Structure formats: structure tokens, C-alpha cells
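In: below: sequence and its predicted model.
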Protein chains: 2
Amino acid sequence: MTDKKTGIAIFGFGTVGSGAARILLEQAEALKKRTGVEVALKKICDRDVTSDRGFVVPEGILTTDINEVFSASDIHVFVELIGGIEPAKTFILKAIEHGKHIVTANKALLALHGREIMDAAAKKGVSVGFEASVGGGVPVIKAVREGLRANEFQSVMGIMNGTANYILSRMSDEGLAFEEVLKEAQRLGFAEADPTYDVEGIDTAHKLAILARLAFEMQVELSDIHVEGISSIKPLDIEFARELGYEIKLLAIAQKAGGELELRVHPTMIPVGHLLAQVKGAYNAFYLTGDSVGKVMLYGLGAGQMPTGSAVVADICDIAMASDAGNAPSGMSGLLPLRKRPIETLSSRYYFRFSAKDQPGVLAGIAGVLGQHNISIESCVQKARGQKDDVPIVMLTHEAMERDVQNALAQLDQLDIVTARTTVIRIEEGKKI
Amino acid sequence: MTDKKTGIAIFGFGTVGSGAARILLEQAEALKKRTGVEVALKKICDRDVTSDRGFVVPEGILTTDINEVFSASDIHVFVELIGGIEPAKTFILKAIEHGKHIVTANKALLALHGREIMDAAAKKGVSVGFEASVGGGVPVIKAVREGLRANEFQSVMGIMNGTANYILSRMSDEGLAFEEVLKEAQRLGFAEADPTYDVEGIDTAHKLAILARLAFEMQVELSDIHVEGISSIKPLDIEFARELGYEIKLLAIAQKAGGELELRVHPTMIPVGHLLAQVKGAYNAFYLTGDSVGKVMLYGLGAGQMPTGSAVVADICDIAMASDAGNAPSGMSGLLPLRKRPIETLSSRYYFRFSAKDQPGVLAGIAGVLGQHNISIESCVQKARGQKDDVPIVMLTHEAMERDVQNALAQLDQLDIVTARTTVIRIEEGKKI
């Protein structure tokens, strides 16, 4: 942006769009002083241009006609904040075609179609800012891409979904059931009507895909990530975990292991003394290990109108300040092919909660199958009889192979003494974390 | 840097200089790929060019003659890593005069002479990178200056000195005395032979001055910061704190209060459940509150060869990548005059440990003086008789005014029942933290 005056169009005047627009309008003077350039909000495009968003939008900015945005020569940055795949993707590609720089908070789109978008942008020489797509207001993309760029990363871990962490925190602090907390979270607007993306780890996987590409410079697809959610976690699991000195968190893990990359999202037991175990409520935390810097953590709100708006505006300013915006590598194109470490080769300690019939020989039956599969039991607790005929049996294993665990569980699930799907929680501890 | 090839000279081949040089030499290809520009280490200037630093430096790079650096037209960035005020300051100003960009890890120099250096750089149109001056490898300067630039900050707090935090952590975990841990830290090389800067809070104040200028855009001088160290903290204090649910940390605090800025560094009691209380060992943590983003924390190693080298190299790349490096505001010049809130007007809860004679009426005497100064006691513990004639008396107050506290303590210290200087620890909790 050589003319030091950058025109902005926001596409999507919802929660995040309103936050970004409010900051651009209300902080215009402060931003100009801080950056040395002028950023002017020229257009906000949405189907709904009449509802009150709680602040005054100057006349002539609101429009329902997106083509007005593409053709305007005084608009340099196209800010996509509608979310979802379409029409977001089509409009972003069209904006790139018109030579606009892009800022987006759309993690699903980047996780699924990031390569296409980044390639189109690189070809056209425009920038794509996506700080807001991961970690809301936490500047983790900038940290990986710029502040820690002198590092080869060994691992990128984190609590990347505020809704899932809120649910687990409430379950942990108050002994409530998953369903109960979820319902309350939905009532309070912390969880979506359809919570699948949040509680089943999909949203977390979107963010891990984006971060892992940047940190490891490899082409990570969503399908490369092993994903398990938190909907099967019971207060009983949390209680057991705590007795054993752990908190349960939905953890995203990308980790180098012998030249290959492990990619997984699942409920994880973390020692209570670890910083990640102390991340409560709707907060996110990103725990990175680099060869020079060692361990670094970034913590903050991973969603919400103003935090995400803060990240969007930071990206807009970066583009406005760079006279050669678009020429710097995005960190998201020219990636190497992924050398993926299959989940089956994972070596970990495991927590199992079996639902079993309350009859003699059950424990021996389960333990026997585990033994056949080289899974060594470290400790075992059989809790008092439940209300129904089945009882929970909890086991902690020594280090075991995921392949063996999957085979053993498949075999156990077919026994008629096992009455429900076994809950599996992996344990992260020691040097790796 | 329009030629996409940036020449670097490192001045000071000590711990950090070796770390930065090693990264530049060993990661040259990776950095080129990540940034799209070529960064070439041309010179390393030091009095000692013969000692083995553990890696190979190509011929022609080592020199003892700094004038060679100033006059070389293929050197664009001057990296100052000798520390201390002189000759660092003179050489930085000379390098600026020669049109070189500057990267420095020198917090003392920036805290004391930052304005002069930034003004000289702005006049000459060159950049000054100083990520490494605060938080070692933790990219906190970049976060405040770029990632969170859409925010008005309400507070900037943190554990900013690894040595002090290491000492407090060891005292806390193992019940050891300050002197004992300090000696061990010195033997292991974690603490300097003269530990004054680290344990008396001066180094922390240097970093707070730099961060507060950036975050609050005001001219903060070292003398504006109220500084107390940790050398008077006893295992007894840590034990009491823990019983009451707190950890003791050397905290730096810059906080807006009614348009004024509070600036202080002192031992602080933080609720054990707070993330900052969980920061152990030599780690640093920066806890920022912005109007849009809310609370954000950055955590990592605040010192050391490779972490600090990582920050130095990140800064070098930022300068190399910006074709208009030097034209963007540094965030450190054009600051507004400080509107300082004097420490006397602080309102806080306090922990006092009195050393008093073991005789009747002592407690009443102390409590009486506190009462005269409007200081209301929340709880009081008188521990069993010490080995000497004096006993420790610990009190926790309700919210009180610093001015009243200082007046009361001055009066108490003159009583002959009080046998040593009273230890004061302020308590941070509630919404502010």
C-alpha cells in the first residue's frame, strides 16, 4: 500500500464483523498514530443492513451489493467474516481475482481449501491474513510465522476450542454431567444449537491443520488428523483423573516423531501442575516447542466479538503497513508433502473406562484380553455398583501401542460382559509436555 | 531492503551473540524459504575472536575492528549484543548515523536511553528491533506492538526476571532460604556474581519501562517505577502465603487507574489458582489486558543463549523483509508525557511480617499504630518463639492506602518493640488480575 491510505470492505456484519467494524471506526485515530498509515472502512456488505449493532455506521458504508466492493478501486482489503465454505470461498477467490488483499477468520474454509486460496493469492501477489482464524484475539499465527520464525518446531499443542474447554471446566469444577453443561452453555449462547463441531473436536482440528501447516511447513489436510471429541466424558472420568493427579482437556497435538508428524485431537489427561491443565473456562492456550526458544505458551480468549475483531484489525494494519504486501511468503504455500505418522504407531499411556456386567470373572476377562495384546495394566479401580446392572471399571496402562489398544478394544467390545463402548483417554506427560 | 539481500553485523560474540550467529549460519536456508529474503551474516565483532563457541564461523567474518562494520556498505543491520550502557550506546548511535538498522537485546540501555536512540533512528529513517530486550524468546514486544495493536491496554503485568522467579520457586517448592538458593543459582550459572539487578527488581523495572512505553504510549522513565526486590523474603513468608492460598512472585505491574498509570515492581501475593502463580523456575510470563482482546498471557524462557538468539533473528528478518523498514513507527518515539499515579495513592491489601520483641503488649502496640493510620487488620498470626529474642508477627490487612501503610511502618520502625525492618508484600487479586 504505497499511498498510505488503505480502503477496507467487510463482508459479513455479524458478531465478528461488528467487532472489527467498531474497532476500525472508533479507534481510527489511534490506529493511524500507531501504524503511520490510514485505514478507512469503506464498505460493510451484508443482507441485513438495517438491524442495530450498537454503534453508528457512517452513511454510505452499508451495502447489500457485493459487486460494488469488487469493482471499487479504492478498496484494497476484502475482509471475509461470514464463515462457512460457500459463498465465502467464491467471494474470496473473486476478491483475489480483483487484486484485493484478504483478511479472514474462516478456519473451516482455510482448513479445507487453504491451499487453493493461498495459491490464488500468491499468483496474484496479494496477502491473506488469517490471525483471527485460530485463537481469536491471541496472536498465535503471528508468533509462529514471525516472532518464532528462527525455530524448527518440535510440537504444537493446545486447547483450541473455548466451548469444549468451558464444558470440561464446568464438569470438572462442579461435577456436572456433559449434557447438563452443554444445555446451559447453549442457553447462555456459549455453544451453538448444533454443537457437533465444538464438542466432537472438528473445530479444534480445523485450527490444528492451519497451525501445523505453518509450524511444520507441510501440507496437512483435515483428514490427516485423528479426531475424537469429549461427548463420552463422564463426571466419573474427571473424578478419577483428578484422584490420579490429572485434568482432562480436549487437546490438539501436532508433534514431530522421527521425521514424521503426529496429528491428533482427543480428550487428554494432563498433570494438574502443568500450565495447560490450569486453562479454565472459554480460554484457549497454545503450547509450542521450538528448537531454539524451548517452550512457549500463548493464552487468551479464542473467540468472541471483540477479541476476534482485535485480530482482524491487526491483520488489516499489517497489510496496510507493508508496501510490498503480498510479496512476503504466507507460510501457507509451497508446503512440503506431509510425512504423517499414523495414529496406530502412537505410543502412550492410556486411561480406559469399561462398562461391564456386574458378575464374577469380568475383571479377569478384560485384563486377559489386554494382556494378549501386550497392554500392561498399571492400576485398576472397580467402583461401587451402578444403578443399572453394569459397573464402571477404570484402568490405567503403562506405555502401550495405539494399534494394540485398538485391537484389544475391538475384541473387548464384542464380549457380552462389556455393555457399552469403552471410553479411552490418552495421557500426556513427562518431557514431551 | 529492496535488494532482498541483507547484510548483518553482530557486535558482541558472547552468549547471546553466539546463539544469534549460530541460528543465522545454520538456519540460513530455512530462513530464506520462510521470509523470501536472504539474510547474510557478514561480520562478528568482538575483542575475543579466537575462543571456540562450539560451531564453525566461516573465514573473514570475525573481526576486532568495529570501524570495518560502520563503513561497510554491504552491512545493513547492526546487532548490538554486548549489553551495558557504554560502549553499546555510542556504537548504536554511530551505526544509526551510518544508516544501519539496529537490533538489540539491551534492556538497560533502552530503559535509560531509549528515547535518544529511537529519536536518532526516526530522524535517520532506520528501524530499531528490540524483541530480545524483554522476555528472551517470548515474542511479547511483537504482540503488544503488532498483534494486539487494536487494543487500548488496561494493564501489563508479568514475571519478567527468570533468576528471581527461579529463586522464589525453589524457596517455595523446597522451603530453602533466599541466600541458600541464590548461592546455588550462582554456582549453576543461573545468577550473576553480583545479583543486585535480578533480585532487587531493577532488571524487571527495565523491562517494564520498555513494555509500558509501548503499551500505554507514554514516556516512562526508570525513575517513575516503584521498585522493591525479593531479598527480604523468608521461607516463613512463603509458608504463610501458601497457607492463605497465595504464591509470592516478583511482579511487574503497569496499570491504568483513572487516566493515570501505576508503575511498580515488588514481591506480590497472587492466588494459587491464577496462571501467573503457576509460572515456575526460570520462566517468564506477560499478562496483558486489552479493551478488545481481554486477558492474554505469553509464557516462555526470558533469557538464555538460544531463546534470546531466536528473538534477535526474528527481528533481523522483520527488518530484512520490510522494504520500507524504518518508516513504520517504532512505538517508542512520539510518546505522550507520563501521567503517573504516585505509589502513595495505591489502594491494596497488604501482608506484613513484623519482627518484634517477645514481650507483653507488643501485638497491641503494633495494632494500635496501624489503627491510627486507618489500616484495618483482617487476620493476624503470631508464630512460636524464634531462636532469638524476637518473634515474627504476620498480619493481613483489608484494603488500605499505601500512604497510610508507609506512615504507619515508619512510625512502627521507630518503636523499640520492633526489632527489624518490616517485610511488606502487596496482594493482587480479584478482577484486576
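Out: Everything's here; your move. Residues are numbered from 1 along each chain as shown, chains lettered A, B, ... in the order given.
In: switch to C-alpha atoms for all contacts and neighbour counts from now on
Out: OK.
In: look through the stretch 301-433 of chain A and state the residue closest to chain B.
Out: Chain B sits closest to A:P307 of the stretch 301-433 of chain A, with a gap of 3.9 Å, by CA to the nearest CA.
In: count the residues that sit near that residue.
Out: 29 (other CA atoms under 10 Å in any protein chain shown).
In: surely it meets B:V293?
Out: Yes. Between A:P307 and B:V293 there is a contact under CA atoms under 8 Å: 3.9 Å.
In: which neighbours do those two share?
Out: Here A:P307 and B:V293 have A:G137, A:V138, A:L301 as joint contacts, going by CA atoms under 8 Å, 6 or more residues apart in numbering or on different chains.
In: contact residues of the stretch 51-200 of chain A facing chain B?
Out: Contact residues, the stretch 51-200 of chain A versus chain B (CA under 8 Å from any CA of the partner chain): A:G137, A:V138, A:P139, A:K142, A:A143, A:E146, A:G147, A:L148, A:R149, A:A150, A:N151.
In: switch to 6 Å and redo it
Out: A:G137, A:P139, A:G147, A:A150 (CA under 6 Å from any CA of the partner chain).
In: now those in CSV, with neighbour count and pLDDT?
Out: Below are those laid out as CSV (neighbours: other CA atoms under 10 Å in any protein chain shown; pLDDT from 0 to 100):
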residue, neighbour count, pLDDT
A:G137, 32, 95
A:P139, 29, 98
A:G147, 27, 97
A:A150, 32, 97
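In: which two in those residues are spaced the farthest apart?
Out: Spatial extent of these (CA to CA) is set by the pair A:G137 and A:A150 at 23.3 Å.
In: could you say which helix or strand holds A:F286?
Out: Here A:F286 sits within strand A:283-290, counting by DSSP states H and E.
In: helices or strands up against that strand?
Out: The contact analysis (3 or more CA pairs under 6 Å, 6 or more residues apart in numbering or on different chains; DSSP states H and E) places strand A:283-290 against strand A:153-159, strand A:294-301.
In: okay, these in a markdown table with mean neighbour count next?
Out: Converted to a markdown table, the helices and strands packed on strand A:283-290 look like this (neighbours: other CA atoms under 10 Å in any protein chain shown):
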| stretch | mean neighbour count |
| --- | --- |
| strand A:153-159 | 24 |
| strand A:294-301 | 23 |
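In: circling back to that earlier point, where does the residue of the stretch 301-433 of chain A closest to chain B sit: helix, strand or coil?
Out: Look at A:P307: counting by DSSP: H, G, I helix; E, B strand; the rest coil, its state is helix.
In: that one touches B:S292, doesn't it?
Out: Yes. The criterion here is CA atoms under 6 Å, and A:P307 meets it with B:S292 at 5.3 Å.
In: if I look at A:F153, how far off is chain B?
Out: Remark: distance between A:F153 and chain B (CA to the nearest CA, to the nearest Å) = 12 Å.
In: beta partners of that residue?
Out: As for beta bridges, A:F153 partners with A:G290 under DSSP bridges.
In: would you confirm that it contacts A:G290?
Out: Yes. A:F153 lies in contact with A:G290 (CA under 6 Å); the separation is 4.2 Å.
In: which neighbours do those two share?
Out: Here A:F153 and A:G290 have no joint contacts, going by CA atoms under 6 Å, 6 or more residues apart in numbering or on different chains.
In: list the buried ones in stretch A:56-75?
Out: For stretch A:56-75, burial by neighbour count (16 or more other CA atoms under 10 Å in any protein chain shown) applies to A:V57, A:L62, A:T63, A:I66, A:V69, A:F70, A:I75.
In: ugh, wrong one, stretch A:241-250
Out: A:A241, A:R242, A:Y246, A:E247, A:I248, A:K249, A:L250.
In: how is chain A divided into domains?
Out: A:5-137+A:306-336, A:140-301, A:344-432 (automatic domain parsing).
In: list the buried residues for the host helix or strand of A:A95?
Out: Per DSSP H and E, A:A95 falls inside helix A:88-97. Within helix A:88-97, the residues that count as buried by 16+ other CA under 10 Å are A:A88, A:K89, A:F91, A:I92, A:L93, A:A95, A:I96, A:E97.
In: what stretches of the stretch 1-150 of chain A score poorly on pLDDT?
Out: Low-confidence segments of the stretch 1-150 of chain A, defined by pLDDT under 70: A:1-4.
In: just the strands in it please.
Out: In the stretch 1-150 of chain A, the strands defined using DSSP state E, counting those that start in this stretch lie at A:5-11, A:38-45, A:62-63, A:77-80, A:101-104, A:128-129.
In: how about the ones you listed in CSV, adding distance to B:I8?
Out: Converted to CSV, these look like this (distance: least, CA to CA, whole Å):
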stretch, distance to B:I8
strand A:5-11, 32
strand A:38-45, 32
strand A:62-63, 49
strand A:77-80, 34
strand A:101-104, 31
strand A:128-129, 29
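In: quick one on the thing from earlier: how about the helices and strands packed on strand A:283-290 in JSON lines, adding mean pLDDT?
Out: Converted to JSON lines, the helices and strands packed on strand A:283-290 look like this (pLDDT from 0 to 100):
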{"stretch": "strand A:153-159", "mean pLDDT": "98"}
{"stretch": "strand A:294-301", "mean pLDDT": "98"}
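In: next one: A:E86 from B:L409, what distance?
Out: Distance, A:E86 to B:L409, using CA to CA, to the nearest Å: 68 Å.
In: the more surrounded of these two?
Out: Under the criterion of other CA under 10 Å, the comparison of A:E86 against B:L409 puts B:L409 first, with 22 against 11.
In: now the helix or strand hosting the more buried one: how far from the chain's centre is it?
Out: Secondary-structure assignment from DSSP H and E places B:L409 in helix B:402-414. Here helix B:402-414 is found 28 Å from its chain centre; the criterion is CA atoms, centre = their mean, to the nearest Å.
In: next, the buried residues of it.
Out: B:E402, B:R403, B:D404, B:V405, B:A408, B:L409, B:L412, B:D413.
In: returning to that earlier point: which residues touch the strand holding A:F286?
Out: With contact meaning CA under 6 Å, 6+ apart, strand A:283-290 is reached by A:151-160, A:162, A:295-302.
In: for it, what is the average pLDDT?
Out: The pLDDT scores in strand A:283-290 average 98.
In: please enumerate the helices of the stretch 301-433 of chain A.
Out: Here the stretch 301-433 of chain A has its helices, by DSSP state H, counting those that start in this stretch, at A:305-321, A:362-372, A:402-414.
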